[in-house]
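Novice: Here's a sequence, model it:
(one chain, ligands or ions: 1)
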Amino acid sequence: MRTTRMRILGPQPGNSETCAALLAALPDWFGIPQANETYARTVAKLPTFIAINEDTDETLGLLSILHHFKAAAEIHLIVVRPEHHHHGIGRALVDAAETWLRGKHVRYLQVKTLSPRREDEHYARTRRFYEAVGFSPFEEMPTLWGEANPCLIMIKSL
Ligand SMILES: CC(C)(COP(=O)(O)OP(=O)(O)OC[C@H]1O[C@@H](n2cnc3c(N)ncnc32)[C@H](O)[C@@H]1OP(=O)(O)O)[C@@H](O)C(=O)NCCC(=O)NCCS
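Specialist: Reported below is the predicted structural model:
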C-alpha cells in the first residue's frame, strides 16, 4: 500500500465548503446534489475528524460522527479524495474516531451504506473497506432511502 504523510485533526465542527468540494470529487459515490448539500450543511454541526496532508496542508478526507445514545454512535459521513484512496487515510480516520468514542464509553458504532442488493462496483469497494476496518453487515433497510438505493447497516463493537 502507498502512504501519504498526514495528520488527523479533531474532533471539531466540519467545514461545509471543504466537505462540498470532497463530495464533488466523488460523483460515483455522491451523485445526488440535494443529498450532498445536506451532508455539507450537517457536517458543520457534527464532531468531525479531518485528514490533512503534512506536505501540502490539503484536506485529504473527513469523517463525521452522529452520537445517538450514550453507548451508540454512527459514522454519518466518511470521504477521502479519490487520488489518495487506498493510502490508509480512511483507516486512520476510523481509528481516530474510535479512540475518541471509546473515551466517551461508546460501545457500538454503525454505518449506513448501499446494500449489495443493488450492484455497484464503487460501493462494493466501500463495503470491503468497512469490513477491513471491522464492520459486519447487520441489517438491510430496503426502502429507507427509496427502493433504488437499498440501505445496508453495518456495525462494529468498540
Ligand atoms: C471508503 C473510503 C473512505 C476508504 O478510505 P481509504 O483511505 O481509501 O481506505 P484505506 O486505504 O484506509 O483502506 C483500509 C483498508 O480497507 C480495504 N480497502 C480500501 N479500499 C479498498 C478497495 N478499493 N478494495 C478492496 N479493499 C479496500 C483494504 O483492506 C485496506 O487495507 P490495506 O490497504 O491494508 O489492504 C474511501 O475509499 C472513499 O472515500 N470512498 C468513496 C466514498 C465512500 O465510499 N464513502 C462512504 C459512503 S457509505
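Novice: show me where pLDDT drops low in this protein?
Specialist: Low-confidence segments of the chain, defined by pLDDT under 70, are located at 1-2.
Novice: of all of it, which residue lies closest to the ligand?
Specialist: Distances from the chain to the ligand, computed as CB to the nearest ligand atom, single out Gly90 as the nearest residue at 2.2 Å. Glycine gets a C-beta too; all of them are placed from N, C-alpha and C.
Novice: got a list of what that residue touches?
Specialist: Contacts here follow CB atoms under 8 Å, 6 or more residues apart in numbering; on that basis Gly90 touches Gly61, Ile78, Val80, Phe129, Val133.
Novice: The last one and Leu26, how far apart?
Specialist: If I follow you right, that is Val133. In this structure, Val133 and Leu26 are separated by 18 Å, where distance is defined by CB to CB, to the nearest Å.
Novice: nearest to Trp100, of the contacts of Gly90?
Specialist: The closest of the contacts of Gly90 to Trp100 turns out to be Ile78 (CB to CB; 14.4 Å).
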